[in-house]
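Novice: task: produce atomic coordinates for the following.
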Amino acid sequence: MATEEPRTVIVERSRGGGMTLIAILLLGIIVAIAAFVLIDKDGRKDDAITTAAQQVGDAAQQAGDAAQEAAKKE
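Specialist: Next up is the predicted model:
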């Protein structure tokens with residue numbers, strides 16, 4: 001029988017490296033910023049609508065007060 005030479009097995013484990021983790025973190029940060037901007041934009045829109053409605057209400061109150069004053073003078 002012939003003698004076999006010993007075999008050497010080399011196992012290389014590849015790691016994803018830090019680039020994958022950095023890419024995932026950056027993507028998460030971008031999504032968080034986009035969500036904040038969209039939520040903030042909706043909040044400002046709601047504030048503008050509320051302010052406009054309040055101004056219309058104030059104008060209606062002033063018109064009503066003016067009508068009452070005019071009725072008292074007659």
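Novice: and A59, how far from R44?
Specialist: According to CB to CB, to the nearest Å, A59 stands 23 Å off from R44. Heads up, the C-betas are built off the backbone N, CA and C, glycines and all.
Novice: an error on my part: the question was meant for D65.
Specialist: For D65, the distance to R44 - CB to CB - is 31 Å.
Novice: tell me how many other residues crowd V11.
Specialist: 4 (other CB atoms under 10 Å).
Novice: quick one: contacts for it?
Specialist: If you count contacts by CB atoms under 8 Å, 6 or more residues apart in numbering, V11 has none.
Novice: just the element for P6, please.
Specialist: Taking DSSP states H and E as the definition, one finds P6 inside no helix or strand.
Novice: pLDDT score for it?
Specialist: pLDDT recorded at P6 is 80.
Novice: E12 versus that one, what's the distance?
Specialist: Going from P6 to E12 by CB to CB gives 20 Å.
Novice: shaky segments in the chain?
Specialist: For the chain, the stretches with pLDDT under 70 are 1-2, 14-17, 73-74.
Novice: and the gap between the residue positioned nearest the centre of it and K45?
Specialist: For the chain, A35 is the residue whose C-alpha lies nearest the centre (CA atoms, centre = their mean; 1.6 Å). Counting by CB to CB, the gap from A35 to K45 is 16 Å.
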